[in-house]
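Asks: Attaching a predicted model along with its sequence, questions to come.
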Amino acid sequence: MVRVTLHEVAQEAGVSDSTVSRALRGLDKVDEGTRERVRLAAERLHFSISRNASSLASGKTMRVSVLFADKLNTWFDSSVLQGVYEVLFREQYDIIPNTVSTYGQLQSFFDRLPADNNVDAVIVTSINLEPGQTKVLERLTIPTVGLDSRTIDGFDASVLLNDRKGMHEAVSLLQRFGHRRIAFVGQPAPGEFKFSSQLRGTAFVQEARLAGYGDQQIFRFDTGKIADYRTYDEAVNAAAAQVLSLAPMPTAICVETDDFAVPLMASLRHYGIRIPEDLSIIGFDDANIAAAADLTTIHQNPEDMSRTAAHKTLALMRGEILEERHTMIEPILMLRGSTARYVPKAAR
């Protein structure tokens, strides 16, 4: 098969060879009408410019790193990858996922960035950065965008979820339903990192106090780290034991994530707790599993959040000034069958 040349594309589009080169490499000084005419001509002739050649000529790597903690196969992280991919792939960027499990690995990642010079931007997902690491971000010459981060410090832009608002919605619902003994159940931390989801427990207690709950009416169950348990089921059963051992037991709980709330519901039912008759349960995330489990939860959409983060990243790589550098997303309460009005035992 004869290979189509750049010159043939130029003839097809009615422009010079250099204009074709600039248009297909995404360089400035080519108006959008000409760029589209060149693109269509290249498409008709099945011509594609070498990605490596384009990168060398433009000074861009056409790669964006997305940094995750530990695993990529969680509901949240896989949703983030999908959203980022949808935006950046259309602009011919490759997405490079990176995972770190310890602060040592995180520090090594940031130490390598300036010397490697192999990505055009970095999106950091959910990880709480130490002050020294935010200083590294500030010194980088490439855009850095925080997604679901605990802070905006050091980032050129960010997209955050208003966890405090989510906890306000949860506490308000339980109060309207007449629950006076309420609790927050944390999920075991997967490793060294502090995640944005771990802010929810503090926010829950703060919102409960603002709503008029006293210290003897608010409880918080800490489940430690996942490494403290032999299996995930063991962690779930340990959390259930904490809830059941409190006398009198809370009449409603809010759980850090849906992924922990759903198996916790199953464990409590195994020990004879009726949901929601004996105990109302609220999750957080509105992961795919939540609707199937009929779990009341706080909805967030990580695909939409990551699309927003990716658009901010694109704009920064183009040298554009963002109208809104830091975006706060408001969560939504999803009312389902795991919550109900409190009814005293004597009235049942």
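Replies: That came through, no problem. Numbers count the residues shown, from 1 in each chain.
Asks: For the stretch 101-250 of the chain, just list every one of the strands.
Replies: Taking DSSP state E, counting those that start in this stretch as the test, the strands found in the stretch 101-250 of the chain are 121-125, 144-147, 157-161, 182-185, 218-221.
Asks: Mean pLDDT, mean neighbour count and distance to Gln198 for those - can I get that in TSV?
Replies: For every residue, glycine as well, the C-beta is placed using N, CA and C. As requested, the strands of the stretch 101-250 of the chain are arranged in TSV below (pLDDT from 0 to 100; neighbours: other CB atoms under 10 Å; distance: least, CB to CB, whole Å):
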stretch	mean pLDDT	mean neighbour count	distance to Gln198
strand 121-125	92	26	15
strand 144-147	93	28	16
strand 157-161	94	24	13
strand 182-185	97	25	11
strand 218-221	95	18	12
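Asks: Nearest to Ala291, out of those?
Replies: Nearest to Ala291 among the strands of the stretch 101-250 of the chain is strand 157-161 (19.3 Å), distances taken as CB to CB.
Asks: Report the angle between the closest one and strand 121-125.
Replies: Here strand 157-161 runs at an angle of 20 degrees relative to strand 121-125 (axes from the mean of the first three to the mean of the last three CA atoms, to 10 degrees).
Asks: Packing partners of strand 157-161?
Replies: Packed against strand 157-161, as judged by 3 or more CB pairs under 8 Å, 6 or more residues apart in numbering; DSSP states H and E, are the following elements: strand 144-147, helix 302-317, strand 326-329.
Asks: Go again with 10 Å.
Replies: strand 121-125, strand 144-147, helix 302-317, strand 326-329 (3 or more CB pairs under 10 Å, 6 or more residues apart in numbering; DSSP states H and E).
Asks: Only the buried residues of the helix or strand following the last one, if you could.
Replies: Which is strand 326-329. Proceeding N to C from strand 326-329, the next assigned helix or strand is strand 332-334, under DSSP states H and E. By neighbour count on 16 or more other CB atoms under 10 Å, the buried set for strand 332-334 is Leu333, Met334.
Asks: One more: stretch 265-281?
Replies: Those would be Met265, Ser267, Leu268, Ile273, Ile275, Pro276, Asp278, Leu279, Ser280, Ile281, for stretch 265-281 by 16+ other CB under 10 Å.
Asks: for stretch 107-118, same thing?
Replies: For stretch 107-118, the neighbour count (16+ other CB under 10 Å) marks Phe109, Phe110, Leu113 as buried.
Asks: just checking, which of those residues belong to helices?
Replies: Counted as lying in helices by DSSP state H, out of those, are Phe109, Phe110, Leu113.
Asks: in terms of contact, does the first one touch Leu137 like I think?
Replies: No - in terms of CB atoms under 10 Å, Phe109 does not count as a neighbour of Leu137; the distance is 11.4 Å.
Asks: who's in contact with Gly104?
Replies: Contact analysis of Gly104 by CB atoms under 10 Å, 6 or more residues apart in numbering lists Glu192.
Asks: between Phe109 and Leu137, what contacts are shared?
Replies: When contacts are counted by CB under 10 Å, 6+ apart, the set common to Phe109 and Leu137 consists of Val122, Val124.
Asks: ok so, going back, determine which of the strands of the stretch 101-250 of the chain approaches Gly319 most closely.
Replies: Closest to Gly319 of the strands of the stretch 101-250 of the chain is strand 121-125 (CB to CB; 12.0 Å).
Asks: Adjacent strands (with direction) for the closest one?
Replies: Neighbouring strands of strand 121-125 in its sheet, by DSSP bridges, are strand 63-69 (parallel), strand 144-147 (parallel).
Asks: Just the ones of the buried residues of stretch 265-281 in helices?
Replies: Counting by DSSP H, the buried residues of stretch 265-281 place Met265, Ser267, Leu268 in helices.
Asks: for the second one, what are its contacts?
Replies: This points to Ser267. Asp233, Val236, Asn237, Ala238, Ala239, Ala240, Ala241, Val243, Leu244, Ile273.
Asks: From those, which land in helices?
Replies: Of those, the ones assigned to helices by DSSP H are Asp233, Val236, Asn237, Ala238, Ala239, Ala240, Ala241, Val243, Leu244.
Asks: Can you give me the neighbour number for the residue nearest to the fourth one when sequence neighbours are not counted?
Replies: When the adjacent residues along the chain are set aside, Ala238 lies closest to Thr223, with 6.3 Å between them (CB to CB, 6 or more residues apart in numbering). Under the neighbour criterion other CB atoms under 10 Å, Thr223 is assigned a count of 20.
Asks: quick one, phi/psi of Thr223?
Replies: phi -110, psi 10 (degrees, to the nearest 10).
Asks: which SS class is Thr99?
Replies: Under DSSP: H, G, I helix; E, B strand; the rest coil, Thr99 falls in the strand class.
Asks: what about this protein, any weak spots by pLDDT?
Replies: 1-3, 25-29, 48-59, 114-116, 193-194, 196, 346-348 (pLDDT under 70).
Asks: That one - how does it break down into domains?
Replies: 6-58, 63-161+301-331, 163-300+334-347 (automatic domain parsing).
Asks: Alright, I will stop here.
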